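Visitor: what shape does this take:
(chains A and B)
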There are 2 protein chains.
Amino acid sequence: MSVTFAKGFRAAGVEAGVSAVAGKKDVALVVNDGPLDAAAGVFTSNRFCAAPVRYSRKAVADGHVKAVILNSGGANACTGQAGYDQSAATAEQVAALVGCAAMDVAVCSTGLIGELLPLDNVLAGARAAHGALAATERAGADASLAIMTTDTRPKTVEIEGAGYRIGGMVKGSGMIAPQLATMLCVITTDAVVSAGQLQAALGAAVDASFNRIDVDGCMSTNDTVLLLASGASGVEPDKDEFNRLVARACADLARQIIGDGEGSSHDVRITVTGATTEDAALACGRAVAASNLLKCAISGNDPNWGRIVSSIGTVPESVAPYDPDQVSVDVNGVRICDGGKPGRDRSEVDMTPREVHIDIDLHAGEAQATVWTDDLTLDYVHINADYES
Amino acid sequence: MSVTFAKGFRAAGVEAGVSAVAGKKDVALVVNDGPLDAAAGVFTSNRFCAAPVRYSRKAVADGHVKAVILNSGGANACTGQAGYDQSAATAEQVAALVGCAAMDVAVCSTGLIGELLPLDNVLAGARAAHGALAATERAGADASLAIMTTDTRPKTVEIEGAGYRIGGMVKGSGMIAPQLATMLCVITTDAVVSAGQLQAALGAAVDASFNRIDVDGCMSTNDTVLLLASGASGVEPDKDEFNRLVARACADLARQIIGDGEGSSHDVRITVTGATTEDAALACGRAVAASNLLKCAISGNDPNWGRIVSSIGTVPESVAPYDPDQVSVDVNGVRICDGGKPGRDRSEVDMTPREVHIDIDLHAGEAQATVWTDDLTLDYVHINADYES
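Guide: Numbers count the residues shown, from 1 in each chain, chains lettered A, B, ... in the order given. The predicted model follows:
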């Protein structure tokens, strides 16, 4: 269902020859038929942000977006003015088809950095996608397929609220790290909400989801998360419930990204408790999630707690006050580090499940935070030594 | 020659059954016969620092060290009071053999975190090493072999000053990142210098060498760099020359660590020029050195400049002011990114040499810095998925 789960949205995904992979759908279009066209967005903080990010940031700034055009097969990043002109031309093509202003069209691209897009193919893809637009489950699924790159499966979400719906799709598998990731995400709702309310909901949801996953520590130039409201349900949602459901949609999609992390064989949940502040817990969790050594160990089913504590040992005391001699670490429920020293034997830990749970208690306060990462496998290196498109 | 290149030092390396690898030398001893016993040290900033680090930090604090005992096969980190007692007992054994105070003995350990050492073997190793002490080339070589873990070769340095000598050995291959690395390093000199002068020379030298290499972004619990002076040459060196030579010794050893980085197939020099400050250049260089995606690409002989600029794009503007549209990137002398856009074709870059040179010009100022890293290979994952000792 994806983005078409919410009423008032049509979508399509078509093959347009943008991607080098023969037979792959590579252009997606999402159109908001209203009555509202409220929109919010969160974008990469990378200073080398791509042309489509620069364009879409402007398009979303006024809180109105009628359509989103997305392509895989090329990031259109580090392509200068010519790249920006391509994003603008793509938006103009979509605007002419849909009957709106070019500044009401958001543009998203993903793929190799440093090359211009085959613009004719993208524009032809936009026309074909417009001709294929539908509000069906199939159309939503096609769109979620068209934005995939190294993803091995589409990632979508559908949530039912009190009289309204939220749907969404995301792509992302590598170059995934806070803040954001190589990810494009479109979330739709038929609730009646203002652009300001959307932005508040999205900002908080992204902070607690996409900003707490880390596949490989690398920040992308193209990250874009959009939240669009059609108002087609006619229902004004309870604000707290709406925020909760948007947060749930983002968390669900973020979890799917980790589940499909490049080459990964384990999804790793790292929860830090007993911290003085949430920021302190988060800093420790992020340090563990960034450890190549730990991630290699996990790929070898080794619950190497020395690599866990040595990672949190790199977090400055000013950021996360704790006493190393008080720290405990549980892996999959077995306390293998207790008071900074060896606890139960590591052989007691069952590392065969895909999901690995690392629970670190700093014994310094009441705050906590959770981050997710993947293990580092031979396949990750294979994929990224050879990635060209 | 290693540490015995400088007059006034004897060394030994013996097999004592500390390492699980049969036949491997695993205990080294270095003794300073004077007339001076001046010493300086730099240690890991990891908050989970190992027992031998805690012991040696105290031993070096007064500027006097008579002997250094080092073992591979176990890090004695995260082992609590029992681990500290092992380090102290080892120092006491050496002190009794050498005839000095236990607080004039430094202790270094490297290997798996979270397990106590087989203390009887370490103590027997200390006695055997004391019996084997010699000022010969062979004895220095044995010591450099005994401290190896995943290193594939010993790493030593010999530098001739004006009437005095500097020798050294280091081990380190993985868990290598600023600040310092899983590295143990002992540098000796027969120059007549004070402990204060040694500390100043060593601090500056470490900052410009070991703190500018990054194999895998992981900081160790056990890093130790010691600089010992015997004064046996009778020569008081020119201070600037001495500082330069200590810096050269550290740079040489750091370069050898990169050349032997776990599983690496390329040594990568990253030089950032045109920065507003050295710190800005360093922050950009470190960001590039930490990119798993770039390091995978280099292992596949792909000069993927998109992964270079997206890495420096993560450095906040407050740390490194520059205009992304001005940045150029040369790989092995070919300007493949020019003004933030594609330059010459990436196919012009010859990636076959082991050494890869990445030159980034920020076009924002006059400062520069260089860091070194390795590529990320299948073998790195192999080694670290299976590492147990």
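Visitor: residues contacting the closest residue to chain B within the stretch 201-350 of chain A?
Guide: Distances from the stretch 201-350 of chain A to chain B, computed as C-beta to the nearest C-beta, single out A:G306 as the nearest residue at 2.5 Å. (Each C-beta comes from the backbone N, C-alpha and C, glycine too.) In this structure, A:G306 makes contact with B:75, B:77-78, B:112-114, B:221, judged by C-beta atoms under 8 Å, 6 or more residues apart in numbering or on different chains.
Visitor: equivalent analysis for A:A275, please.
Guide: Applying C-beta under 8 Å, 6+ apart, we find A:A275 in contact with A:281, A:284, A:320, A:322, A:362, A:364-369.
Visitor: so which of the residues you listed are in strands?
Guide: Secondary structure from DSSP state E places A:367-369 of the contacts of A:A275 in strands.
Visitor: let's have these in CSV, adding pLDDT, distance to chain B and neighbour count.
Guide: Shown next, in CSV, are those (pLDDT from 0 to 100; distance: C-beta to the nearest C-beta, whole Å; neighbours: other C-beta atoms under 10 Å in any protein chain shown):
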residue, pLDDT, distance to chain B, neighbour count
A:A367, 96, 18, 18
A:Q368, 95, 19, 20
A:A369, 93, 19, 21
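Visitor: which one of those sits closest to A:G125?
Guide: Looking at the ones in strands among the contacts of A:A275 and their distance to A:G125, the nearest is A:A369, at 40.9 Å (C-beta to C-beta).
Visitor: from A:T273, how far out is the closest residue to that closest one other than its chain neighbours?
Guide: Nearest residue to A:A369 in three dimensions, chain neighbours excluded: A:A281, at 3.8 Å (C-beta to C-beta, 6 or more residues apart in numbering or on different chains). Plainly put, A:A281 is 7 Å away from A:T273 if you go by C-beta to C-beta, to the nearest Å.
Visitor: in chain A, what spans have low per-residue confidence?
Guide: A:1, A:173-182, A:215-219, A:387-389 (pLDDT under 70).
Visitor: tell me the domain ranges of it?
Guide: Per automatic domain parsing, the structural domains of chain A span A:2-259, A:267-386.
Visitor: quick one: end-to-end length of the first one, please.
Guide: The separation between the terminal residues of domain A:2-259, taken as C-alpha to C-alpha, to the nearest Å, is 18 Å.
Visitor: ditto for the last one
Guide: Start to finish, the residues bounding domain A:267-386 are 23 Å apart (C-alpha to C-alpha).
Visitor: what are the buried residues along stretch A:275-290?
Guide: Neighbour-count burial for stretch A:275-290 flags A:275-277, A:280-290 (criterion: 16 or more other C-beta atoms under 10 Å in any protein chain shown).
Visitor: not counting its neighbours along the chain, what's nearest the residue in the stretch 101-250 of chain A that chain B sits nearest to?
Guide: Proximity to chain B, evaluated over the stretch 101-250 of chain A using C-beta to the nearest C-beta, is greatest for A:I113 at 2.5 Å. On the basis of C-beta to C-beta, 6+ apart, the spatially nearest residue to A:I113 that is not a chain neighbour turns out to be B:G306, at 2.5 Å.
Visitor: returning to that earlier point: between the contacts of A:G306, which sits nearest chain A?
Guide: The closest of those to chain A turns out to be B:I113 (C-beta to the nearest C-beta; 2.5 Å).
Visitor: is the closest one in a helix, a strand, or coil?
Guide: Classification of B:I113 using DSSP: H, G, I helix; E, B strand; the rest coil returns coil.
Visitor: neighbours around it, how many?
Guide: Close neighbours of B:I113, defined as other C-beta atoms under 10 Å in any protein chain shown, add up to 26.
Visitor: give me every residue that touches it.
Guide: Residues touching B:I113, when contacts are defined by C-beta under 8 Å, 6+ apart, comprise A:304-307, A:309-310, B:50, B:75, B:77-78, B:221.
Visitor: rewinding a little: what is in contact with A:A281 and A:T273 at once?
Guide: Counting by C-beta under 8 Å, 6+ apart, the common neighbours of A:A281 and A:T273 are A:362, A:367-368.
Visitor: state the distance from A:D379 to A:A385.
Guide: Here the criterion is C-beta to C-beta. By it, A:D379 lies 11 Å from A:A385.
Visitor: between these two, which one's more packed in?
Guide: Counting neighbours by other C-beta under 10 Å for A:D379 and for A:A385 shows that A:A385 has the greater number, 21 against 15.
Visitor: quick one, the host helix or strand of the more buried one and helix B:378-386 angle?
Guide: For A:A385, the element it lies in under DSSP states H and E is helix A:378-386. Here helix A:378-386 runs at 160 degrees with respect to helix B:378-386, directions being taken by axes from the mean of the first three to the mean of the last three C-alpha atoms, to 10 degrees.
Visitor: could I have the CA atoms of stretch A:193-204 written out in CSV?
Guide: Coordinates of the C-alpha atoms in stretch A:193-204 are reproduced here as CSV (Å, rounded to 0.1, in the frame of the first residue of the first chain):
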residue,chain,number,x,y,z
VAL,A,193,-3.4,19.0,9.7
SER,A,194,-1.4,22.2,9.1
ALA,A,195,2.1,22.4,7.7
GLY,A,196,3.3,23.7,11.1
GLN,A,197,1.8,20.7,12.9
LEU,A,198,3.3,18.4,10.3
GLN,A,199,6.8,19.9,10.7
ALA,A,200,6.6,19.5,14.5
ALA,A,201,5.5,15.9,14.3
LEU,A,202,8.1,15.1,11.6
GLY,A,203,11.0,16.8,13.4
ALA,A,204,10.4,14.9,16.6
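Visitor: strands of the stretch 1-150 of chain A, start to end?
Guide: Taking DSSP state E, counting those that start in this stretch, the strands of the stretch 1-150 of chain A run over residues A:9-14, A:27-32, A:38-43, A:67-71, A:105-109.
Visitor: how far off centre is stretch A:339-358?
Guide: For stretch A:339-358, the distance from its own C-alpha centre to the chain's C-alpha centre is 29 Å (C-alpha atoms, centre = their mean, to the nearest Å).
Visitor: now stretch A:127-144
Guide: If you compare the mean C-alpha spot of stretch A:127-144 with that of the full chain, they lie 22 Å apart, counting by C-alpha atoms, centre = their mean.
Visitor: just the terminal-to-terminal distance for that stretch.
Guide: End-to-end distance of stretch A:127-144 (C-alpha to C-alpha): 18 Å.
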